[in-house]
Each structure stands twice: as C-alpha cells, then as structure tokens.
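Engineer: have a look; sequence and predicted model below, questions after that.
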Amino acid sequence: MKKIELDIVALSHSVTQSHNYAVVLGEQDGSRRLPIVIGGFEAQAIAVAMERMTPNRPLTHDLFKNTLGTFDIELKEVVINNLLDGIFYARLVCLKEGEEIEIDSRTSDALAMAVRFNCPIYTYEFILDAAGVILEDDETNEEAVEKKPAPSRKSKRKKAAATTGNTLSSYTVEDLAKMLEEVLSDEDYERAAKIRDEIQRREGKS
C-alpha cells in the first residue's frame, strides 16, 4: 500500500472539543489536510519541539528519545496506519542494527516523537479519503500555526505579573535572558517563545 508523506502545518485549539487541540497535517504533494484532535499535554509536547525549546527537565517524549538513542535505536518514520470509529492509530518504525522494528503508538505521541527525530510522517490513501479535507491555498489558517497550547494557571499568574504595566520591549536584553530562564523553569513554553523572539529581534537589529 502506497504511503503518503505529511507535514505538520498547524497546531491550534480544537473547534469541536474546547478542552483539546487540533494538529493539522498536510500532504506534501497535494492540497488535502488531515486534522487530528489531541490532548493538551501532547499539543504542548509538539509545540515545544517545533519551537526548538530546551526544557530544564526532559519531558516524557524527550526522555523516550534519549532512551532510544542510548540503545542505538533510530526512529525511521511515523505511520498513521488506521482509522477506526473516529480514532487514529499509528506506529513508530524504528531501526536497530539494521533490523526494522514497529512499535504501536497513540498518534499524538507518534507526532511528538516525529518532530523530535525530524523523521517523515506518513499515512495511507484510505485514511485521507475518510478523514481528509481539501483547502484552497488562501484558506489555510496561518494564524493557527502560531497558536500554542494554553499555559498552566501558575504560568498564567507569572505571565500576568511579568507583563503588568510593561511590554517585552521595555526590558533590557539581560532582563529578557533572565526572564527566559525563569519561564523555562516554570515550563511556560508559550511565554518563553515570545521572549526568545524578542531577544532575536533585538540581536538582529544590533
């Protein structure tokens, strides 16, 4: 069965399930999109890897990646291989000393691993036929790509305190660097991404 390669094109709040998120996959050589509803933790795990953030402590998917690396196991590809009763199924295709090993996985976890290993994501025609949607180029929701999973209550309080009466532009680069360390320690990766962008913007002007 021919495999179709996909890219992650968007990550946003789910419009059908308010407490979940949606990751949208797009076929590389076509206009079809495959939206998959995932949980908040998994959405955060994908967003962290996409933003190339480095947590102070490894997240679960980072731990699994490090474990595979320790035992010289490479993640070759991720395959979304089935769709039953609205639930997507996936497998991790790994290589160990030339031997191919397949591991059953939740699709959300498989995507979080694919981003970390920078490996291809595939699915099959029957899945795209059943659950895919076709979008025109100008209908692609670019704003969704920028949306990140909501931070915890603790992170929200810290974010509010950090921005009361001030914007990031009012801080020095040194202050921003310290703030970045603090929000990373609180695992507020949405806030960290904004601070990092502000630092890079300053450095680009210097």
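Structural biologist: Thanks, I have the structure now.
Engineer: am I right that Phe117 is in contact with Lys65?
Structural biologist: Yes. Phe117 is within contact range of Lys65, at 6.8 Å (criterion: CB atoms under 8 Å). Bear in mind the C-beta positions are built from the backbone N, C-alpha and C, glycine included.
Engineer: who touches both of these two?
Structural biologist: Shared contacts of Phe117 and Lys65, defined by CB atoms under 8 Å, 6 or more residues apart in numbering, comprise Leu75.
Engineer: list the beta-bridge partners for Phe88.
Structural biologist: Leu83 (DSSP bridges).
Engineer: now do the contacts for it.
Structural biologist: Counting by CB under 8 Å, 6+ apart, Phe88 touches Ile36, Ile80, Asn82, Thr107, Ile127, Ala131.
Engineer: rerun that using 6 Å as the cut-off
Structural biologist: Phe88 makes contact with Ile36, Ile80, Thr107 under the criterion CB atoms under 6 Å, 6 or more residues apart in numbering.
Engineer: Lys65 too?
Structural biologist: Counting by CB under 6 Å, 6+ apart, Lys65 has contacts Arg116.
Engineer: can you mark which positions in the strand or helix carrying it are buried?
Structural biologist: Assigned by DSSP states H and E, Lys65 belongs to helix 60-70. Within helix 60-70, the residues that qualify as buried are His61, Asp62, Phe64, Lys65, Leu68, counting by 16 or more other CB atoms under 10 Å.
Engineer: looking at those residues, spot the one nearest Ile199.
Structural biologist: Using CB to CB, Asp62 is the member of the buried residues of helix 60-70 that lies nearest Ile199, at 22.9 Å.
Engineer: quick one: the closest one and Ile36, what's the gap?
Structural biologist: 21 Å (CB to CB, to the nearest Å).
Engineer: what about this protein, any weak spots by pLDDT?
Structural biologist: 14-19, 136-166, 185-187, 189-190, 205-206 (pLDDT under 70).
Engineer: all helices of it, in order?
Structural biologist: Applying DSSP state H to the chain gives helices spanning 40-50, 60-70, 107-117, 125-131, 142-146, 153-163, 173-185, 189-205.
Engineer: can I get the CA coordinates of the longest one in PDB?
Structural biologist: What follows is helix 189-205, C-alpha atoms only, in PDB (Å, rounded to 0.1, in the frame of the first residue of the first chain):
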ATOM      1  CA  TYR A 189       6.900  27.500  26.800                       C
ATOM      2  CA  GLU A 190       4.400  29.800  25.100                       C
ATOM      3  CA  ARG A 191       5.800  32.800  27.100                       C
ATOM      4  CA  ALA A 192       9.400  31.600  26.500                       C
ATOM      5  CA  ALA A 193       8.800  31.600  22.800                       C
ATOM      6  CA  LYS A 194       7.700  35.200  22.800                       C
ATOM      7  CA  ILE A 195      10.700  36.200  25.000                       C
ATOM      8  CA  ARG A 196      13.100  34.400  22.700                       C
ATOM      9  CA  ASP A 197      11.600  36.100  19.600                       C
ATOM     10  CA  GLU A 198      12.000  39.500  21.300                       C
ATOM     11  CA  ILE A 199      15.700  38.700  22.100                       C
ATOM     12  CA  GLN A 200      16.300  37.500  18.500                       C
ATOM     13  CA  ARG A 201      14.600  40.700  17.200                       C
ATOM     14  CA  ARG A 202      16.900  42.900  19.300                       C
ATOM     15  CA  GLU A 203      20.000  40.900  18.200                       C
ATOM     16  CA  GLY A 204      19.000  41.200  14.600                       C
ATOM     17  CA  LYS A 205      19.000  45.000  14.900                       C
END
